[in-house]
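Visitor: just coords:
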Ligand SMILES: C=C(O[C@@H]1C=C(C(=O)O)C=C[C@H]1O)C(=O)O
């Protein structure tokens, strides 16, 4: 397994000596905190869970643990070795320090994500957590004046960012998306494939460099049920506002879900139509069955409902099945690697779908990929990074995908992906109706 030089160097030289944790007596304003630490631009991350009860911010790089192939379990092992002998000072435990990051959709080339490795995880210099209303800050091997930083954070309010305007919006390879969809449907008619999820891209160019501050502010304004995550790597920033959890483990219980099957909210009676729609129910069932199969090595107790619920977000209804299981064997990252990609993002049969996608050569990078965190207790959460974009200078590359099955109509899928760009366009302040 080829491992980056950088990865090996960090391992041998960078063991953590001291973790210091302080309680914070104020609620986190994520945008303002990111603004306060603007000197660390390129080395920050944010993760906010679906019900906003958990917020995680990382500042600076203590270590970047990467591999040039998908191997998160190996990286988690190295994280444990790095933290193992650290002295801990505070009211909690070193188990609160989290390894944050993810791995790309697949091992294929993804030129829009040149700043990210295939497996890309970070141990920050400063980590800020808010969990169920209680906030704390962790310093990893830091000699700076910590009380002064805490005090400054308490009083800091976000700076003013100059307005930015869109210059152009350009569909990338839309014709290729359509021809791949037709090709997939023909293969399905020959029973060579059951489902594949295809994606397309839109490149947005703005007048000036894109600042993340207004994007975070915009994302926080909107109270819909979705995660928010951001990871910077040098000149690039990846952002997702996904409704989709891949897997979480807490107190020995594994939580996952199937989200597949979509109807735009502008359609009359959309909710009921979606619940009755054969094509969408079929797309959804493929995901549920595949998740059950992939979980089998880790559990013998799975709980789920027989028919899907509706998940509502700003622009759509999705078919949604929550799935819970007792984790009897293996850990969070093993389950993450095994589930990814579910047929909500890959397809079915998995192998045939991944071969199709390798040929389609969409260069997904972190789009549709698992992103999240794990701690030393092996607890944490990974999300599926859809409704996402990668930003560099004054451009943002947006990604949107949809499930193709035998009965798909290509123009409807183009329309569905069109709406799926909206959450990112809204975050960028782009009003398409203007
Ligand atoms: C692939 C995306 O979404 C996925 C595909 C869906 C579908 O085909 O119905 C629904 C939700 C997601 O699982 C995306 O938003 O980019």
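Guide: Received, thanks. Bear in mind the structure is a predicted one, so any value in this text is a computation, not a measurement.

Visitor: CA atoms for contacts and neighbours, from now on please.
Guide: Fine.

Visitor: now for the strand or helix carrying residue 99, which elements pack on it?
Guide: According to DSSP states H and E, residue 99 maps onto strand 98-103. Using 3 or more CA pairs under 8 Å, 6 or more residues apart in numbering; DSSP states H and E as the contact test, the elements touching strand 98-103 are helix 72-83, strand 119-131, strand 370-375.

Visitor: For residue 137, give the beta-bridge partners.
Guide: Note on residue 137: beta-bridge partners by DSSP bridges are residue 22, residue 128.

Visitor: so who does it touch?
Guide: By CA atoms under 8 Å, 6 or more residues apart in numbering, the contact set of residue 137 is 21-24, 126-129.

Visitor: got the residues of the stretch 201-350 of the chain near the ligand?
Guide: 259-262, 344-345 (CA under 6 Å from any ligand atom).

Visitor: Swap in 5 Å and give it another go.
Guide: 259-262, 344 (CA under 5 Å from any ligand atom).

Visitor: Please identify the buried residues of the helix ranked longest in the chain?
Guide: Once the chain is assigned using DSSP state H, the helix that runs over the most residues is helix 278-295. Across helix 278-295, burial judged by 16 or more other CA atoms under 10 Å covers 280-281, 283-288, 290-292, 294-295.

Visitor: With pLDDT as extra columns, can I get those residues in JSON lines?
Guide: Below are these laid out as JSON lines (pLDDT from 0 to 100):
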{"residue": "280", "pLDDT": "97"}
{"residue": "281", "pLDDT": "98"}
{"residue": "283", "pLDDT": "96"}
{"residue": "284", "pLDDT": "98"}
{"residue": "285", "pLDDT": "97"}
{"residue": "286", "pLDDT": "97"}
{"residue": "287", "pLDDT": "98"}
{"residue": "288", "pLDDT": "98"}
{"residue": "290", "pLDDT": "97"}
{"residue": "291", "pLDDT": "98"}
{"residue": "292", "pLDDT": "98"}
{"residue": "294", "pLDDT": "97"}
{"residue": "295", "pLDDT": "98"}
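
Visitor: burial count for residue 304?
Guide: For residue 304, the count of nearby residues is 14 (other CA atoms under 10 Å).

Visitor: and if you look at residue 353?
Guide: Other residues lying near residue 353 total 23 when counted by other CA under 10 Å.

Visitor: what's stretch 247-260 in contact with?
Guide: Stretch 247-260 is contacted by residues 244-246, 280, 283-284, 287-288, 291, 318-328, 332, 335-336, 344, 378-383, 403 when judged by CA under 8 Å, 6+ apart.

Visitor: Quick one: end-to-end length of it, please.
Guide: Counting by CA to CA, to the nearest Å, you get 16 Å between the two ends of stretch 247-260.

Visitor: Residue 245 reaches residue 384, doesn't it?
Guide: Yes: judged on CA atoms under 8 Å, residue 245 makes contact with residue 384 at a distance of 5.8 Å.

Visitor: Which one's more surrounded, the two?
Guide: Comparing residue 245 with residue 384 by other CA under 10 Å, the one with more neighbours is residue 384, at 29 against 24.

Visitor: That one and residue 369 touch, don't they?
Guide: Yes: at 5.5 Å, residue 384 and residue 369 qualify as touching, with contact defined as CA under 8 Å.

Visitor: Check what pLDDT the residue of the chain most remote from its centre gets.
Guide: Distance from the centre of the chain peaks at residue 190, with 34.2 Å (CA atoms, centre = their mean). At residue 190, the pLDDT value in this model is 97.

Visitor: Ok, residue 14 next?
Guide: pLDDT recorded at residue 14 is 87.

Visitor: Start and end of stretch 235-245, how far apart?
Guide: In stretch 235-245, first residue to last residue: 27 Å (CA to CA).

Visitor: what does that stretch contact?
Guide: Residues outside stretch 235-245 that contact it (CA under 8 Å, 6+ apart): 42, 50, 113, 115, 219, 225-232, 256-257, 259, 313, 366, 381-393, 423-424.

Visitor: For it, list every residue counted as buried.
Guide: So, applying 16+ other CA under 10 Å, buried residues of stretch 235-245: 236-245.

Visitor: doesn't residue 209 make contact with residue 166?
Guide: No: judged on CA under 8 Å, residue 166 makes no contact with residue 209 at a distance of 10.9 Å.

Visitor: residue ranges of the helices in the stretch 51-200 of the chain, please?
Guide: With helices called from DSSP state H, counting those that start in this stretch, the stretch 51-200 of the chain shows them at 72-83, 146-155, 174-189.

Visitor: in this structure, what spans have low per-residue confidence?
Guide: By pLDDT under 70, the weakly predicted segments of the chain are 1-13, 432-434.

Visitor: returning to what we had before: now the buried members of the contacts of stretch 235-245.
Guide: For the contacts of stretch 235-245, a burial check counting by 16+ other CA under 10 Å picks out 42, 50, 113, 219, 225-232, 256-257, 259, 366, 381-392, 423-424.

Visitor: Now intersect these with the strands, please.
Guide: Mapping the buried ones among the contacts of stretch 235-245 onto strands (DSSP state E) picks out 228-232, 256-257, 259, 381-384, 388-392.

Visitor: center of this structure, which residue is that?
Guide: The structure's the chain has its C-alpha centroid closest to residue 385; by CA atoms, centre = their mean the separation is 3.1 Å.

Visitor: And residue 34, how far from the ligand?
Guide: Residue 34 sits 27 Å away from the ligand when distances are taken as CA to the nearest ligand atom, to the nearest Å.
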